[in-house]
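Asker: Just the structure for this:
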Amino acid sequence: MRDARQLEAFRDLIAQSQRQLVAFLEADLELGFTFADLSKTERKLGNIEHAERSREHAIAAITTVRRFLEHVCGSESKNRFAGRVDELERELAD
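Answerer: Numbers count the residues shown, from 1 in each chain. Predicted coordinates:
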């Protein structure tokens, strides 16, 4: 009985860890898109230094998501994050 409870507690911890990881990656991606938008705005205003700094922050978000993507359980979630990363990269390329 004790082993079953420990196993259940372990499974709960894994599920909680996955939820936290997904929330972190979603937040980081949204921040990346925000920095990409800010970069475009700063560039239009002629503030190249700030535009480049914002672009670098967006690239950092891409790097972070890619680094942790292998830890996401489920191919559907992985594919969704990979698609969003690709979208952010296209946003930065424009």
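
Asker: Going by C-alpha atoms from here, please, whenever you check contacts or count neighbours.
Answerer: Fine.

Asker: What residues does F33 make contact with?
Answerer: F33 makes contact with A58, L88, according to C-alpha atoms under 8 Å, 6 or more residues apart in numbering.

Asker: Mind telling me what element it is part of?
Answerer: Element membership for F33, per DSSP states H and E: helix 2-44.

Asker: relative to helix 2-44, how tilted is the very next helix or strand once past that helix?
Answerer: Next in sequence after helix 2-44, counting helices and strands by DSSP H and E, comes helix 48-69. Helix 48-69 and helix 2-44 meet at an angle of 160 degrees, taking axes from the mean of the first three to the mean of the last three C-alpha atoms, to 10 degrees as the criterion.

Asker: which secondary structure elements does helix 48-69 contact?
Answerer: Secondary-structure packing of helix 48-69 (3 or more C-alpha pairs under 8 Å, 6 or more residues apart in numbering; DSSP states H and E): helix 2-44, helix 75-93.

Asker: how far does the first one sit from the chain's center?
Answerer: Same thing as helix 2-44. Its chain's average C-alpha position is 7 Å from that of helix 2-44, according to C-alpha atoms, centre = their mean, to the nearest Å.

Asker: any idea of the mean pLDDT in the helix holding F33?
Answerer: Helix 2-44 comes out with an average pLDDT of 94.

Asker: would a markdown table of the helices and strands packed on helix 48-69 with distance to E52 be doable?
Answerer: Output for the helices and strands packed on helix 48-69, formatted as a markdown table (distance: least, C-alpha to C-alpha, whole Å):
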| stretch | distance to E52 |
| --- | --- |
| helix 2-44 | 7 |
| helix 75-93 | 11 |
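
Asker: of these, which approaches A60 most closely?
Answerer: The closest approach between A60 and any of the helices and strands packed on helix 48-69, judged by C-alpha to C-alpha, belongs to helix 2-44 at 7.8 Å.
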